[in-house]
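Participant: here is my input, please return the structure:
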Amino acid sequence: MTSQPTPDASLTQLLRMADGLIIHQSLYAAAKLGVADLLADGPQTTAQLAGQLEVKESPLYRTLRLLASQGVFEETAPRTFAQTALSRFLCTGVPGSVRSTFIFRGSEFFFAPYGEILHSIETGQPAREKIFGMNGFDYLREHPDTARVFDDAMTNMSMLVGPAVAAAYDFGAWDSLMDVAGGNVMMVLTGGKERTEQEYRDLLSAAGFRLNQVHPTSADFNVIEAMPA
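Facilitator: Numbering: from 1, shown residues only. Take a look at the predicted model:
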């Protein structure tokens with residue numbers, strides 16, 4: 001009897017990367033529906049959840065089963081789900097909640113441009129402008145409902161990042177501070193582009209400033225200190 005070939009581990013790893021898209025949108029659906037809030041007081045069946053959410057039970061079950069495979073929710077009995085340490089962060093108003101962040105990340109405003117990523121690579125132009133016919137902040141001004149989703153997500157991120165930024169830099173050295181940003185988010189928005197230190201030096205120099213120091217934080221952000229040139 002011939003043995004079955006074993007899939008190459010690297011190929012399997014590569015293929016599993018594509019699952020990120022499905023997991024991302026499943027997290028969005030769970031956050032948008034408020035599943036975690038409904039499970040705050042204990043496990044429920046998908047039939048119970050579907051009745052409260054006014055959705056179809058079968059696709060809801062498949063979505064929650066996928067998330068449970070990632071540690072988000074736990075299937076404690078057939079078609080019955082409970083909270084986990086991860087899913088609690090999808091609850092509304094709990095410390096560290098990222099529910100608003102996932103609702104924003106699954107919205108058309110955030111998610112749709114990734115379907116046009118090739119357009120951006122080929123042209124260097126933002127995909128969002130191709131889809132919506134305007135830049136992101138013009139779109140938010142014309143669509144207040146989307147702007148509120150954006151603001152809520154930025155507030156989420158500010159609450160998570162703020163303590164790390166405050167711990168990394170002595171803001172007491174300055175008499176006054178100004179928070180320049182889009183929505184309610186802290187820190188400066190510079191066109192949504194990741195930049196090197198030299199690119200920041202050039203950007204600040206063009207505006208009449210000198211980059212003085214970059215202060216790392218324990219979050220995914222740094223504090224960039226600049227002085228008038």
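Participant: longest helix in the chain, by number of residues?
Facilitator: Looking across the chain with DSSP state H, the single longest helix is helix 144-168.
Participant: and stretch 44-56, C-alpha only, in CSV?
Facilitator: What follows is stretch 44-56, C-alpha atoms only, in CSV (Å, rounded to 0.1, in the frame of the first residue of the first chain):
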residue,chain,number,x,y,z
GLN,A,44,-26.1,30.3,24.8
THR,A,45,-27.0,28.2,21.9
THR,A,46,-26.7,29.5,18.4
ALA,A,47,-30.5,29.2,18.1
GLN,A,48,-30.9,31.5,21.1
LEU,A,49,-28.3,33.9,19.8
ALA,A,50,-29.8,33.9,16.3
GLY,A,51,-33.3,34.6,17.7
GLN,A,52,-32.1,37.7,19.6
LEU,A,53,-30.0,38.9,16.7
GLU,A,54,-32.6,38.2,14.1
VAL,A,55,-30.1,36.3,11.9
LYS,A,56,-30.0,32.8,10.4
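Participant: what about it, average pLDDT?
Facilitator: Stretch 44-56 carries an average pLDDT of 98.
Participant: return the set of buried residues in that stretch.
Facilitator: For stretch 44-56, burial by neighbour count (16 or more other C-beta atoms under 10 Å) applies to 44, 46, 49-50, 53, 55. From N, CA and C alone the C-beta is placed, and that goes for glycine too.
Participant: now swap in stretch 195-215 and tell me
Facilitator: Neighbour count says stretch 195-215 has 200-201, 203-204, 209, 211 buried, by 16+ other C-beta under 10 Å.
Participant: can I get those in CSV including pLDDT?
Facilitator: Below are the buried residues of stretch 195-215 laid out as CSV (pLDDT from 0 to 100):
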residue, pLDDT
Y200, 90
R201, 93
L203, 91
L204, 92
F209, 94
L211, 94
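Participant: so which of those are in helices?
Facilitator: 200-201, 203-204.
Participant: and those residues, which is closest to F73?
Facilitator: The shortest gap between F73 and any of those belongs to Y200, at 41.1 Å (C-beta to C-beta).
Participant: how close does that closest one sit to R141?
Facilitator: Taking C-beta to C-beta, to the nearest Å as the criterion, Y200 is separated from R141 by 27 Å.
Participant: which helices and strands sit right next to the longest helix of the chain?
Facilitator: Applying 3 or more C-beta pairs under 8 Å, 6 or more residues apart in numbering; DSSP states H and E, one finds that helix 144-168 contacts helix 99-105, helix 108-111, helix 136-142.
Participant: with that, I have no additional questions.
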